[in-house]
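Novice: Build me a model from this:
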Amino acid sequence: MLIALRQEQPDRLPAAVHQWQPYHLNKYLGGIDDLTAFRRFGLDASIPCFPASVPDSAEWREEVRTGPAGDGRTIEHHVIHAPGGQIRYKVERHAVTAWVTEHLVKHPEDVDLIDRYMPIPRLDKAAVAAAYDRLGDDGILRGFVGGFRADAGRTPRNCLAYRT
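Specialist: Numbers count the residues shown, from 1 in each chain. All right, here's what the predicted structure looks like:
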């Protein structure tokens, strides 16, 4: 995979699964982690690495309530409290995966709340370095630091900005 990314000719077809789901790793592979699974099957690793989070702040507080949704599913009701109002979204889960059932942005004002009050995510550089060191030359780390709020001192309104 790394050879192909350098636009050189690989000695085999670069192949990988998008990502291993914890359900599959636990149920069928004895609880091994994703990197071990890639190595076991001789695939180039594509490891998700998202060590960043949006912390609560005085202006952005997320409340999560979880309850049953039937058929072994659970539903998470997320409410984000900001000085200018509240925004909500929902996530359902079952043993295999999770999916969004109610999106965060439903009205133009929701974007304004995110832009004005959402804290800028902070990247955990040590976690990225540790994952990179463990991976070695066996593949790539996939990731991003998400966020919608502009850093008013450096970028225009509604641009993506990250602090590290």
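
Novice: tell me the SS of Val100?
Specialist: With DSSP: H, G, I helix; E, B strand; the rest coil as the basis, Val100 sits in strand.

Novice: what stretches of this structure score poorly on pLDDT?
Specialist: 14, 16, 145-164 (pLDDT under 70).

Novice: residue ranges of the strands in the chain, please?
Specialist: Assigned by DSSP state E, the chain shows strands spanning 45-48, 52-53, 61-70, 73-82, 85-93, 98-102, 122-123, 139-142.

Novice: Go ahead and flag the most central residue of the protein.
Specialist: Phe50 (5.2 Å; C-alpha atoms, centre = their mean).

Novice: hmm, back to that, mind checking which of the strands of the chain is nearest Ala37?
Specialist: strand 45-48 (8.8 Å; C-beta to C-beta). (Glycine included, C-beta is placed from N, CA and C.)

Novice: Not counting that closest one itself, show me its contacts.
Specialist: Strand 45-48 is contacted from outside by 1, 16-19, 34-35, 38-39, 131, 135, 138-143, using C-beta atoms under 8 Å, 6 or more residues apart in numbering.

Novice: Note down every partner strand of it and its orientation.
Specialist: Strand 45-48 pairs in its sheet with strand 139-142 (parallel), by DSSP bridges.

Novice: Show me which residues of the partner strand are buried.
Specialist: For strand 139-142, burial by neighbour count (16 or more other C-beta atoms under 10 Å) applies to Gly139, Ile140.

Novice: CA atoms of it as PDB?
Specialist: The C-alpha coordinates for strand 139-142 follow below in PDB (Å, rounded to 0.1, in the frame of the first residue of the first chain):
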ATOM      1  CA  GLY A 139       0.100   0.100   6.400                       C
ATOM      2  CA  ILE A 140      -1.400   3.500   7.000                       C
ATOM      3  CA  LEU A 141      -3.200   5.300   9.800                       C
ATOM      4  CA  ARG A 142      -6.500   6.800   8.700                       C
END
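
Novice: Quick check: Tyr23 vs Leu35, distance?
Specialist: To Leu35, Tyr23 is 17 Å away according to C-beta to C-beta, to the nearest Å.

Novice: For the two, indicate the residue with more neighbours.
Specialist: Leu35 (17 against 12; other C-beta atoms under 10 Å).

Novice: Could you double-check that that one sits in contact with Leu135?
Specialist: Yes. When contacts are counted by C-beta atoms under 8 Å, Leu35 is listed as touching Leu135 (6.5 Å).
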